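In: below are the sequence and a predicted model for it; my questions follow.
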Amino acid sequence: MENRKLPNATAVLVLGILSILLCWCYGIIGLILSIIGLAISRKDFAMYNAAPQDFDNYQNLNIGRILSIIGIVLNILVLAYFIWIISMIGMDALSDPAVLQERIKELQGN
(Lines give C-alpha, C1' and ligand atoms only; values in the text may rest on other atoms or scores of the structure.)
Protein backbone atom coordinates (compact mmCIF):
# COMPACT_ATOMS: atom_id res chain seq x y z
CA MET A 1 0.00 0.00 0.00
CA GLU A 2 1.22 3.45 -0.90
CA ASN A 3 1.94 5.88 1.92
CA ARG A 4 -0.38 8.85 2.24
CA LYS A 5 0.48 12.39 3.26
CA LEU A 6 -0.79 14.01 6.41
CA PRO A 7 -3.35 16.61 5.26
CA ASN A 8 -2.17 19.60 7.31
CA ALA A 9 1.58 18.99 7.54
CA THR A 10 2.50 21.59 4.92
CA ALA A 11 0.11 24.16 6.39
CA VAL A 12 1.60 23.66 9.86
CA LEU A 13 5.10 24.06 8.44
CA VAL A 14 4.18 27.27 6.61
CA LEU A 15 2.41 28.70 9.68
CA GLY A 16 5.44 27.89 11.84
CA ILE A 17 7.80 29.64 9.45
CA LEU A 18 5.52 32.67 9.10
CA SER A 19 5.09 32.94 12.86
CA ILE A 20 8.84 33.33 13.25
CA LEU A 21 9.19 35.72 10.32
CA LEU A 22 6.31 37.92 11.50
CA CYS A 23 7.27 38.06 15.16
CA TRP A 24 8.36 41.70 14.75
CA CYS A 25 4.81 42.77 13.86
CA TYR A 26 4.28 43.72 17.52
CA GLY A 27 4.10 40.02 18.43
CA ILE A 28 0.40 39.74 17.66
CA ILE A 29 0.27 38.39 14.11
CA GLY A 30 2.99 35.81 14.66
CA LEU A 31 1.43 34.69 17.93
CA ILE A 32 -1.91 34.10 16.23
CA LEU A 33 -0.27 32.14 13.40
CA SER A 34 1.73 29.96 15.75
CA ILE A 35 -1.31 29.15 17.88
CA ILE A 36 -3.26 28.21 14.75
CA GLY A 37 -0.33 26.04 13.62
CA LEU A 38 -0.26 24.17 16.91
CA ALA A 39 -4.03 23.75 16.92
CA ILE A 40 -4.23 22.17 13.48
CA SER A 41 -1.20 19.97 14.11
CA ARG A 42 -3.02 18.10 16.90
CA LYS A 43 -5.39 16.35 14.49
CA ASP A 44 -2.56 15.20 12.25
CA PHE A 45 -0.54 13.95 15.23
CA ALA A 46 -3.54 11.86 16.29
CA MET A 47 -3.81 10.41 12.77
CA TYR A 48 -0.09 9.65 12.68
CA ASN A 49 -0.07 8.02 16.11
CA ALA A 50 -2.97 5.76 15.09
CA ALA A 51 -1.12 4.38 12.05
CA PRO A 52 2.49 5.65 11.67
CA GLN A 53 3.28 3.27 8.83
CA ASP A 54 0.61 4.86 6.59
CA PHE A 55 2.10 8.35 6.41
CA ASP A 56 5.35 9.62 4.94
CA ASN A 57 5.47 13.37 5.71
CA TYR A 58 5.61 13.27 9.48
CA GLN A 59 8.88 15.23 9.44
CA ASN A 60 7.17 18.29 7.95
CA LEU A 61 4.50 18.14 10.65
CA ASN A 62 7.04 17.76 13.44
CA ILE A 63 9.26 20.60 12.15
CA GLY A 64 6.21 22.84 11.74
CA ARG A 65 5.14 22.07 15.29
CA ILE A 66 8.60 22.88 16.63
CA LEU A 67 8.69 26.12 14.65
CA SER A 68 5.25 27.05 15.99
CA ILE A 69 6.47 26.53 19.55
CA ILE A 70 9.55 28.66 18.84
CA GLY A 71 7.24 31.23 17.25
CA ILE A 72 5.08 31.37 20.37
CA VAL A 73 8.12 31.97 22.57
CA LEU A 74 9.57 34.65 20.28
CA ASN A 75 6.24 36.43 19.86
CA ILE A 76 5.60 36.48 23.60
CA LEU A 77 9.07 37.94 24.15
CA VAL A 78 8.52 40.61 21.49
CA LEU A 79 5.08 41.43 22.88
CA ALA A 80 6.55 41.75 26.38
CA TYR A 81 9.32 44.00 25.01
CA PHE A 82 6.84 46.35 23.36
CA ILE A 83 4.71 46.46 26.51
CA TRP A 84 7.83 47.31 28.53
CA ILE A 85 8.81 50.08 26.07
CA ILE A 86 5.34 51.59 26.21
CA SER A 87 5.32 51.45 30.00
CA MET A 88 8.72 53.14 30.19
CA ILE A 89 8.11 55.86 27.60
CA GLY A 90 4.33 56.22 27.62
CA MET A 91 1.74 56.27 24.86
CA ASP A 92 1.71 60.08 24.61
CA ALA A 93 5.43 60.14 23.80
CA LEU A 94 5.01 57.76 20.89
CA SER A 95 2.89 60.28 19.02
CA ASP A 96 4.94 63.41 19.85
CA PRO A 97 8.66 63.40 18.86
CA ALA A 98 9.59 66.23 21.27
CA VAL A 99 8.11 64.40 24.26
CA LEU A 100 9.78 61.19 23.07
CA GLN A 101 13.20 62.87 23.05
CA GLU A 102 12.59 64.25 26.55
CA ARG A 103 11.62 60.84 27.92
CA ILE A 104 14.64 59.18 26.30
CA LYS A 105 16.94 61.81 27.83
CA GLU A 106 15.30 61.24 31.22
CA LEU A 107 15.85 57.49 30.93
CA GLN A 108 19.49 58.03 29.95
CA GLY A 109 20.01 60.32 32.94
CA ASN A 110 20.78 63.51 30.97
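Out: Arrived safely, thanks for sending.
In: in this structure, which helix or strand is least confident?
Out: Among the helices and strands of the chain, helix 91-95 carries the lowest confidence by mean pLDDT, DSSP states H and E, at a mean of 87.
In: mind listing the helices for this structure?
Out: 9-21, 28-50, 58-89, 91-95, 97-108 (DSSP state H).
In: and these as a markdown table, adding distance to Asn3?
Out: C-beta: built from backbone N, CA, C; applies to glycine. Converted to a markdown table, these look like this (distance: least, C-beta to C-beta, whole Å):
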| stretch | distance to Asn3 |
| --- | --- |
| helix 9-21 | 12 |
| helix 28-50 | 11 |
| helix 58-89 | 10 |
| helix 91-95 | 53 |
| helix 97-108 | 58 |
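In: tell me where the model's unsure across this structure.
Out: Filtered on pLDDT under 70, the chain yields the residue ranges 1.
In: list of residues touching stretch 5-13?
Out: 37, 40-41, 43-44, 47-48, 55-58, 60-61, 63-65, 67-68 (C-beta atoms under 8 Å, 6 or more residues apart in numbering).
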